[in-house]
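>>> Fold the following and give me the result.
(one chain, ligands or ions: 3)
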Amino acid sequence: MNDRTEASSAAAPEAASGNASGAATRVLVLNSGSSSVKYQLLDMAGGAGTVTGGRGALLASGLVERIGEGPVADHAAALRQAAGELADRGLGLDSPRLAAVGHRVVHGGTRFTEPTLVTDEVLAEIEKLVPLAPLHNPANITGIRVARELRPDLPQVAVFDTAFHATIPEHAARYAIDTATADAYGIRRYGFHGTSHSYVSRATAALLGRDPDQVNTIVLHLGNGASASAVRGGVCVETSMGLTPLEGLVMGTRSGDLDPAVIFHLVREAGMPAEEVDTLLNKRSGLLGLCGDNDMREIGRRMAEGDDAARLAFEVYVHRLRKYVGAYTAVLGRVDAVAFTAGVGENSVAVRQAALSGLTALGIEIDPVRNALRGGGARLVSADSSRVAVAVVPTDEELEIAAQAYELVGAVPG
Ligand SMILES: Nc1ncnc2c1ncn2[C@@H]1O[C@H](COP(=O)(O)OP(=O)(O)O)[C@@H](O)[C@H]1O
Ligand SMILES: CC(=O)OP(=O)(O)O
Ligand SMILES: [Mg+2]
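Ligands and ions are numbered 1, 2, ... in the order given. Reported below is the predicted structural model:
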């Protein structure tokens, strides 16, 4: 349990909210991952605003980790623990100040392309999408159920990872397989981490002092899961994750792109059942599969000690990134900015440097000194001579989810 609650806000939550009127202006955001639950309580009294403009005030945040490995038996237990932690600070779910709970839901299929008020019917639809996001949607559903149980009267808003990618043109969303089969089984590129790609592309435009509709950006979201997107004038036109969050970049434990025949080869030659191949590619591949570690910090330490497996894992990871930067440059035609975000993107000087060095022909020049400076907020790390701006832009999926949920409940009568 890593408690990030700010002591001052916890001690005087009402004062910290900047809202003395007692109106329901708070949103609790739940981001339930495959093995963790992140939560944030925000006060949106200033208005949902634009995400890069008016900001919600953070009242509390926390993280319940290692679900299933010890005292926290499952996601329901983790959510009850989170609710208990908030209650201990006088910020419990029973507060009349709460306007909504915003839930990150990873897969929204083709139906959910907007933030959606959760009803029984909506929940049933989200359940139907479990086979397309087996590591993520079940946790999101548990989050919704527990929050509903604790506060049945409160609006629950689902904000979908796939939503921002709904604008991807058909030629990029279609896989080149038999159309009838694809349509019968919903097989197409959906894309994920959309809340982050959306937020970061707008924050990058703001950093450049330009309107989002004037800026073409390649966003590299590099967390445990990792994905790239090409955003033209604020509209997503391509992304690296596909039917599920397995495609594309090399990730902590996921392979990303590979020849689909690898799967048949493992089934036929190694006698692996499909389930085992699924687990191999999702949980025992990526950086972990290549070198035994999925944390980029640990890989950096091992590389410094001359560890060859760690070095190779790093090189496979950045080679894939470079391929996507090149491909998305071709897709966009004109690139104004490349933006790095999430745990690895925001913190790994070495990944950013290696991924973008030698790309002068594409107009991309990273400045090693700027890149090595550790800083808090959004910042430029490109050389002055670079045609393309290179930026490090901290993502804030929770704030974006809160803003979207608050905007929606504001629009709902009653
Ligand atoms: N200082 C750092 N240097 C390099 N990598 C880092 C650093 N801090 C965090 N990371 C990486 O960020 C990853 C987690 O990113 P995050 O965006 O929090 O993931 P998620 O939201 O998917 O859990 C970790 O696996 C770790 O490799
Ligand atoms: C969709 C996805 O990969 O999410 P995460 O990075 O949280 O695992
Ligand atoms: Mg994340």
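>>> where does Arg145 fall, helix, sheet strand or coil?
Going by DSSP: H, G, I helix; E, B strand; the rest coil, the secondary structure assigned to Arg145 is helix.
>>> What count of nearby residues applies to it?
Residues contacting Arg145 under the criterion other CB atoms under 10 Å number 16. C-betas here are computed from N, CA, C, even on glycine.
>>> Any chance of the backbone angles for the residue in the stretch 101-250 of the chain that ligand 1 sits nearest to?
As assessed by CB to the nearest ligand atom, ligand 1 sits closest to Gly223 within the stretch 101-250 of the chain, at 2.7 Å. With angles defined as degrees, to the nearest 10, Gly223 sits at phi -120, psi -140.
>>> how many other residues sit next to it?
Neighbour tally, Gly223, other CB under 10 Å: 19.
>>> Tell me who's in contact with the closest residue in space to it that isn't next to it in sequence.
Distances taken as CB to CB, 6 or more residues apart in numbering put Ala342 closest to Gly223, at 3.6 Å, once the chain neighbours are dropped. Contacts for Ala342 were tallied using CB atoms under 8 Å, 6 or more residues apart in numbering; they are 193, 196, 221-223, 226, 395.
>>> Show me the strands in the stretch 101-250 of the chain, by range?
Using DSSP state E, counting those that start in this stretch, the strands assigned to the stretch 101-250 of the chain run over residues 116-117, 156-160, 216-222, 226-232, 235-239.
>>> can you tell me how far the residue in the stretch 201-350 of the chain that ligand 1 sits nearest to sits from ligand 2?
Closest residue of the stretch 201-350 of the chain to ligand 1, CB to the nearest ligand atom: Gly343 (2.0 Å). Using CB to the nearest ligand atom, to the nearest Å, we find Gly343 at a distance of 9 Å from ligand 2.
>>> Hmm, His221 and that residue touching each other?
No: at 9.7 Å, Gly343 does not count as touching His221 under the criterion of CB atoms under 8 Å.
>>> Specify which residue of those two has the higher count of neighbours.
Ranked by neighbour count (other CB under 10 Å), Gly343 and His221 place His221 first, with 29 against 17.
>>> so the more buried one touches Val200, yeah?
Yes: under the criterion of CB under 8 Å, His221 is in contact with Val200, at a separation of 7.2 Å.
>>> list residues touching both of those two?
341, 395.
>>> Check the gap between Pro152 and Glu400 for me.
26 Å (CB to CB, to the nearest Å).
>>> higher neighbour count, those two?
Looking at Pro152 and Glu400 with other CB under 10 Å, you find the greater number of neighbours at Glu400, namely 26 against 8.
>>> Helix, strand or coil: sort out the more buried one for me.
State at Glu400, reduced to three classes by three-state DSSP: helix.
>>> I'd like to know which residues of the stretch 301-414 of the chain are adjacent to ligand 1.
342-344, 347-348 (CB under 6 Å from any ligand atom).
>>> Among those, find me the one that's closest to ligand 2.
Distance to ligand 2, by CB to the nearest ligand atom, is smallest for Ala342 among those, at 7.6 Å.
>>> Local confidence estimate at the closest one?
Per-residue confidence (pLDDT) for Ala342: 96.
>>> before we move on, the earlier item: the strands of the stretch 101-250 of the chain into TSV, with extra columns for distance to Tyr328?
Formatted as TSV, the strands of the stretch 101-250 of the chain follow (distance: least, CB to CB, whole Å):
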stretch	distance to Tyr328
strand 116-117	29
strand 156-160	23
strand 216-222	5
strand 226-232	4
strand 235-239	6
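>>> Those: which one's closest to Val335?
Taking CB to CB, strand 216-222 is the member of these nearest to Val335, at 5.5 Å.
>>> From Ala206, how far out is the residue of the chain found nearest ligand 2?
Closest approach of the chain to ligand 2 (CB to the nearest ligand atom) occurs at Gly225, with a separation of 2.4 Å. Distance from Gly225 to Ala206, counting by CB to CB: 25 Å.
>>> Among these two, which residue is more densely surrounded?
When Gly225 and Ala206 are compared for neighbours, Gly225 comes out ahead with 26 against 18, by other CB under 10 Å.
>>> Can you tell me how far Pro96 is from Arg151?
According to CB to CB, Pro96 and Arg151 sit 11 Å apart.
>>> Neighbour count for these two, which is higher?
Applying other CB under 10 Å to Pro96 and Arg151 shows that Arg151 carries more neighbours, namely 19 against 9.
>>> pLDDT score assigned to the nearest residue to the more buried one once chain neighbours are set aside?
The spatially closest residue to Arg151, leaving aside those adjacent along the chain, is Leu93, at 4.9 Å (CB to CB, 6+ apart). Reported pLDDT at Leu93 in the predicted model: 91.
>>> Tell me both backbone torsions, phi and psi, for the nearest residue to Ser385 once chain neighbours are set aside.
Nearest-residue entry for Ser385: Glu365, 5.9 Å, with adjacent residues in sequence omitted and distances by CB to CB, 6+ apart. Backbone torsions of Glu365, given as degrees, to the nearest 10, read phi -130, psi 110.
>>> Touching, Glu365 and Leu380? I think so.
No: Glu365 is beyond contact range of Leu380, at 11.6 Å (criterion: CB under 8 Å).
>>> Can you check which residues contact both of these two?
What both Glu365 and Leu380 touch, as defined by CB under 8 Å, 6+ apart, is the set Val390.
>>> Can you give me the buried ones in stretch 99-118?
99-109, 112-113, 115-116, 118 (16 or more other CB atoms under 10 Å).
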